[in-house]
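Visitor: quick one, structure for this:
(chains A and B)
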Amino acid sequence: ETGVTQTPRHLVMGMTNKKSLKCEQHLGHNAMYWYKQSAKKPLELMFVYSLEERVENNSVPSRFSPECPNSSHLFLHLHTLQPEDSALYLCASSQIAGGGAQETQYFGPGTRLLVL
Amino acid sequence: GDSVTQMEGPVTLSEEAFLTINCTYTATGYPSLFWYVQYPGEGLQLLLKATKADDKGSNKGFEATYRKETTSFHLEKGSVQVSDSAVYFCALKSQGSNYKLTFGKGTLLTVNP
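Guide: Below you'll find the model as predicted:
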């Protein structure tokens, strides 16, 4: 219903694995986001893509690598993660227009990641 | 910098009780304000928003009024239902920012029959 889908919904991986999270938005938006939600912490903005260019990277470790091939798709490539990376990873999208403060972000259901 | 403070949870109410979840913020200028709700096992859904002072956002019986003088955006509902059990997040987006949302830590609401 939200117009933002994420796959997989659940993922268990070992520290040496490589996996990717996928996000797709069906809202015609021009910006996409990755957030990390850990227990008892505020949502952390990880990456922002606007018009398929990365405009924000909040000191995220290099073991997280985003990719935005077009305005509808966003990936988060994972490799050699740590147990403390276990969290809910949320994707969001919005329509950025002229620098106004009114654009609303719409979230996907998230991928629950467990790193063993 | 911008910040959002919302009341610590958890909040436990009986069905049909009145709900208030407090939210105050710090930001320069006139931010846009949002309430998001997260149901168990799901992502965040926009519940309501207000973009200028004295605006009232409303949805599904929930309301919040943008109070510039008290820098607040408290969430209220007159009669809660069991289905309202969720985590509620207050958030702001600064004037002039294209995309950065600042979230509060969330308030867990449990409504008992």
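
Visitor: say whether chain B is contacted by stretch A:46-58.
Guide: Yes - counting by CB under 8 Å from any CB of the partner chain, contacts between stretch A:46-58 and chain B involve A:48, A:50, A:55, A:56. Every C-beta, even on glycine, is put in place using the N, C-alpha and C of the backbone.

Visitor: residues in contact with the helix or strand of chain B with the lowest mean pLDDT?
Guide: The weakest-scoring helix or strand in chain B, judged by mean pLDDT, DSSP states H and E, is strand B:101-103 (a mean of 90). Here strand B:101-103 makes contact (CB atoms under 8 Å, 6 or more residues apart in numbering or on different chains) with A:42-43, A:45, A:105, B:2-4, B:25, B:27, B:34, B:36, B:89-94.

Visitor: partner strands of it and their direction?
Guide: For strand B:101-103, the paired strands and their directions (DSSP bridges) read strand B:86-93 (antiparallel).

Visitor: buried set for the partner strand?
Guide: Residues B:86, B:87, B:88, B:89, B:90, B:91, B:92, B:93 are the ones in strand B:86-93 that count as buried (16 or more other CB atoms under 10 Å in any protein chain shown).

Visitor: swap in stretch A:40-52?
Guide: A:42, A:43, A:44, A:45, A:46, A:47, A:48, A:49, A:50, A:52.

Visitor: now intersect the residues you listed with the strands, please.
Guide: A:44, A:45, A:46, A:47, A:48, A:49, A:50 (DSSP state E).

Visitor: so which of those comes closest to chain B?
Guide: Proximity of those to chain B (CB to the nearest CB) peaks at residue A:48, which lies at 5.4 Å.

Visitor: strands of chain B, start to end?
Guide: Counting by DSSP E, the strands of chain B are B:3-6, B:11-14, B:19-21, B:23-26, B:32-38, B:44-50, B:56-59, B:62-65, B:75-77, B:86-93, B:101-103, B:107-112.

Visitor: and of those strands, who's closest to residue A:29?
Guide: The closest of the strands of chain B to residue A:29 is strand B:44-50. By CB to CB, the value is 13.5 Å.

Visitor: give the other helices and strands that the closest one contacts.
Guide: strand A:106-107, strand B:32-38, strand B:56-59, strand B:62-65 (3 or more CB pairs under 8 Å, 6 or more residues apart in numbering or on different chains; DSSP states H and E).

Visitor: contacting residues around residue 54?
Guide: Using chain A. Contacts of residue A:54 by CB under 8 Å, 6+ apart are A:47, A:48, A:66, A:68.

Visitor: try again with chain B
Guide: Residue B:54 neighbours (CB under 8 Å, 6+ apart): B:65, B:66, B:67, B:68.
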